[in-house]
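> test case, fold it:
(one chain, ligands or ions: 1)
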Amino acid sequence: APTLPIIPHQLFARDTSFNSSLPNITIFATGGTIAGSASSDTATTGYTAGALGVEILIDAVPALWNVSNVKGVQVANVDSGSITPEILLNLTSLIQEALDDPYCQGAVVTHGTDTLEESAIFLDLTIKSEKPVVIVGAMRPATAISADGPMNLLEAVTLAASPDARGRGAMVVLNDRIASAFYATKTHSNSIDTFKATEQGYLGFFLDTKPLFYYPPVLPIGYAYFNVSGATELPEVDILFGHQVLNPKLARAAVQSGAKGLVLAGMGAGGWTTAGTDEIEKLVKEHGTQVVVSSRTMGGFVQTDGTGNMYSGQDLNPQKARIMLQLALYKGYSSEQLATLFDRNGSPPSE
Ligand SMILES: NC(=O)C[C@H](N)C(=O)O
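Predicted structure coming up:
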């Protein structure tokens, strides 16, 4: 995988605005449309994502200083399709360090929406803190009429600064909604109303930019924590997409190119072709490949019978199951531990 330059800490803080009665929030910027710039104010496609620095994002929303003292850290500035494990590991360690500081009350991550859900579950599973971690993006570039980024950023910072937001795991904010990072998924390629957790529901809403929660703090069932401190890379896990007459050889190509795990975006409740299943069973025997079965439908449950290195993705979509498998393989989970982790009814191995 190509390694992208990781931008060293570039702190941005407006010390003159410091208000000791407000919470301190750090914004970690990674790029995306929220930092995107287009040549015309009506362009919402074909623009450059990750063009503007974190100080420009902060300066565009003076109301941030009414709810918090903000500090910006530029971690990367890329389209979210180019987020790598290296960037994610760096991000996790920077956020953990920030939240371990008693003077910091919460963290906000600005991120492209295309793969936001992957980074969101990654951060959810690798940061240990009661303090809020809020991942936010935008669908319209900063240069567009009615850009959604500034309002989304203000709501994200307000949420991160809110004591009610503690103990809820990482959260995703877009279009006035608060969703669990564990479940939130992008459902529309263009609309600003794109992040949904259809079955599991939203956690809350913003009214006049203030968060209103529907429920007391709660974490998803089977939620696991993976300590990745010191990690510099993660094992390769690839996703295969199921369809009529799928090419069974793609699975072998993935394993031969280095995949230690596979996620099947299966048909319906995880269906795969007979020829494809034969090939995967051979790979499991020959290479010990670990396989999670999920669904291309992006909704509902997949439950396999759990035989030999095959685990049920349950209600995790393929891209989220991929992150979870990657973390578990990094930790060297045994087949039994993987079964418990993906079953999500038992207690996952804890750290
Ligand atoms: N709305 C967005 O942020 C899309 C952009 N291509 C990204 O994911 O970086």
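> just checking, residue 329 touches residue 261?
Yes: the pair residue 329 and residue 261 qualifies as a contact (Cβ atoms under 8 Å) at a distance of 5.4 Å. Yep, even glycine has a C-beta here, placed from its N, CA and C like the rest.
> more neighbours, the two?
residue 261 (25 against 17; other Cβ atoms under 10 Å).
> can I get stretch 202-221 in PDB, CA atoms only?
Taking Å, rounded to 0.1, in the frame of the first residue of the first chain, the C-alpha atoms of stretch 202-221 are listed here in PDB:
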ATOM      1  CA  TYR A 202     -29.600   7.500  16.000                       C
ATOM      2  CA  LEU A 203     -28.400   8.300  19.500                       C
ATOM      3  CA  GLY A 204     -29.600  11.900  19.300                       C
ATOM      4  CA  PHE A 205     -30.300  15.100  17.500                       C
ATOM      5  CA  PHE A 206     -29.100  18.700  17.600                       C
ATOM      6  CA  LEU A 207     -31.500  21.500  18.400                       C
ATOM      7  CA  ASP A 208     -30.100  25.000  18.000                       C
ATOM      8  CA  THR A 209     -26.700  23.200  17.700                       C
ATOM      9  CA  LYS A 210     -27.100  21.700  21.300                       C
ATOM     10  CA  PRO A 211     -27.100  17.900  21.500                       C
ATOM     11  CA  LEU A 212     -30.300  16.100  22.700                       C
ATOM     12  CA  PHE A 213     -29.800  12.400  23.500                       C
ATOM     13  CA  TYR A 214     -32.700   9.900  23.200                       C
ATOM     14  CA  TYR A 215     -31.100   7.500  25.700                       C
ATOM     15  CA  PRO A 216     -28.700   7.400  28.600                       C
ATOM     16  CA  PRO A 217     -25.100   6.500  27.800                       C
ATOM     17  CA  VAL A 218     -24.800   2.900  26.400                       C
ATOM     18  CA  LEU A 219     -22.300   1.000  24.300                       C
ATOM     19  CA  PRO A 220     -23.100  -1.600  21.600                       C
ATOM     20  CA  ILE A 221     -23.400  -5.200  22.700                       C
END
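> give me the buried positions along stretch 266-277.
By neighbour count on 16 or more other Cβ atoms under 10 Å, the buried set for stretch 266-277 is 266-267, 270, 272-273, 276.
> distance from the chain centre to it, please.
How far stretch 266-277 lies from its chain's middle: 27 Å, per Cα atoms, centre = their mean, to the nearest Å.
> can you check stretch 311-318 too?
With Cα atoms, centre = their mean, you get 16 Å for stretch 311-318.
> how long is it end to end?
End-to-end distance for stretch 311-318, by Cα to Cα, to the nearest Å: 12 Å.
> which helix or strand contains the residue of the stretch 51-200 of the chain found nearest the ligand?
Closest approach between the stretch 51-200 of the chain and the ligand, counting by Cβ to the nearest ligand atom: residue 112, at 2.0 Å. For residue 112, there is no helix or strand it lies in under DSSP states H and E.
> still on that earlier bit, so which of the buried residues of stretch 266-277 belong to strands?
residue 266 (DSSP state E).
> could you dump the buried residues of stretch 266-277 into a markdown table with pLDDT added?
Listed next are the buried residues of stretch 266-277 as a markdown table, based on pLDDT from 0 to 100:
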| residue | pLDDT |
| --- | --- |
| 266 | 97 |
| 267 | 97 |
| 270 | 95 |
| 272 | 96 |
| 273 | 97 |
| 276 | 97 |
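> so residue 175 sits against residue 194, correct?
Yes: using Cβ under 8 Å, residue 175 is in contact with residue 194, at 7.4 Å.
> still on that earlier bit, can you give me phi and psi for the residue of the stretch 51-200 of the chain closest to the ligand?
When quoted as degrees, to the nearest 10, the phi and psi of residue 112 stand at phi -60, psi 150.
> so that it lines up with my notes, have the first residue be 8 from now on.
Sounds good: first residue 8 from here, last item residue 119.
> any figure for the gap between it and residue 268?
In this view, residue 119 and residue 268 are 25 Å apart by Cβ to Cβ, to the nearest Å.
> now do residue 321
16 Å.
> report the buried residues of the helix or strand encompassing residue 348.
If you go by DSSP H and E, residue 348 is part of helix 342-350. Residues 345-349 are the ones in helix 342-350 that count as buried (16+ other Cβ under 10 Å).
> could I get those as JSON lines with distance to the ligand and pLDDT?
Listed next are those as JSON lines, based on distance: Cβ to the nearest ligand atom, whole Å; pLDDT from 0 to 100:
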{"residue": "345", "distance to the ligand": "30", "pLDDT": "94"}
{"residue": "346", "distance to the ligand": "33", "pLDDT": "92"}
{"residue": "347", "distance to the ligand": "33", "pLDDT": "92"}
{"residue": "348", "distance to the ligand": "28", "pLDDT": "94"}
{"residue": "349", "distance to the ligand": "27", "pLDDT": "94"}
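> closest point of the stretch 208-357 of the chain to the ligand, which residue?
residue 326 (12.9 Å).
> may I ask you to confirm that that residue belongs to a helix?
Yes: counting by DSSP: H, G, I helix; E, B strand; the rest coil, residue 326 is part of a helix.
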